[in-house]
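Participant: Fold the following and give me the result.
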Amino acid sequence: MLFRRRPWTRKFADAFRGLSRAFRSQSSFLVHVIVAAAVVGLAGVLRVSAAEWCLLAGAIATVLAAEVFNSALESLARAFGPERHPRIRDALDMASAAVLVAALGAVAVGLGVFGPRLLALVGG
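Facilitator: Residues are numbered from 1 along each chain as shown. Coordinates of the predicted model:
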């Protein structure tokens, strides 16, 4: 198969198609987007600093990117048929683990940013 150079407009269109596909076909991606929206809302209410916005945005982007990669591998694995080869299972499990690691890192960032503020609100 011969690959031709794609113009930038086509590259962006393909990337947005992939994002749309992940959003429509993966319930876990939708959950991550909902949680990200809640984080953004909470950050706005609590008036986090610019540096904290950067940390939160990086954590959100990392989780969403990991989920898109995981979804891509799942889609690719389905192309080989319904049977599960042990190596494909291993690859899918590792991709899921990457999402878990990213999500746990995002939780740590969230606790670091929101924890002190929420404790101050609860503690008076």
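
Participant: Can you tell me which residue is spatially central in this protein?
Facilitator: The residue lying closest to the centre of the chain (C-alpha atoms, centre = their mean) is residue 64, at 1.3 Å.

Participant: from the middle of its chain, how far away would the helix or strand containing that residue be?
Facilitator: Assigned by DSSP states H and E, residue 64 belongs to helix 50-79. Averaging C-alpha positions (C-alpha atoms, centre = their mean, to the nearest Å) puts helix 50-79 3 Å from its chain's average.

Participant: Now do the helix or strand just after that helix and helix 50-79, the angle between them.
Facilitator: Counting by DSSP H and E, the next helix or strand C-terminal to helix 50-79 is helix 86-123. Going by axes from the mean of the first three to the mean of the last three C-alpha atoms, to 10 degrees, helix 86-123 is angled at 150 degrees with respect to helix 50-79.

Participant: any idea of the mean pLDDT in helix 86-123?
Facilitator: Mean pLDDT, helix 86-123: 94.

Participant: tell me what it is packed against?
Facilitator: helix 27-46, helix 50-79 (3 or more C-beta pairs under 8 Å, 6 or more residues apart in numbering; DSSP states H and E). Placement of C-beta: from N, CA and C, glycine included.

Participant: so who does the closest residue to residue 25 other than its chain neighbours touch?
Facilitator: Computed as C-beta to C-beta, 6 or more residues apart in numbering, the closest residue to residue 25 that is not its neighbour in sequence is residue 71, at 7.2 Å. Residues in contact with residue 71, defined by C-beta atoms under 8 Å, 6 or more residues apart in numbering, are 21, 22, 25, 26, 29.

Participant: change it to 7 Å
Facilitator: Residue 71 makes contact with 22, 26, 29 under the criterion C-beta atoms under 7 Å, 6 or more residues apart in numbering.

Participant: Buried residues, the helix holding residue 64. List them.
Facilitator: Applying a neighbour-count criterion of 16 or more other C-beta atoms under 10 Å, one finds 52, 55-56, 59-60, 62-64, 66-68, 70-71, 73-74, 77 buried in helix 50-79.
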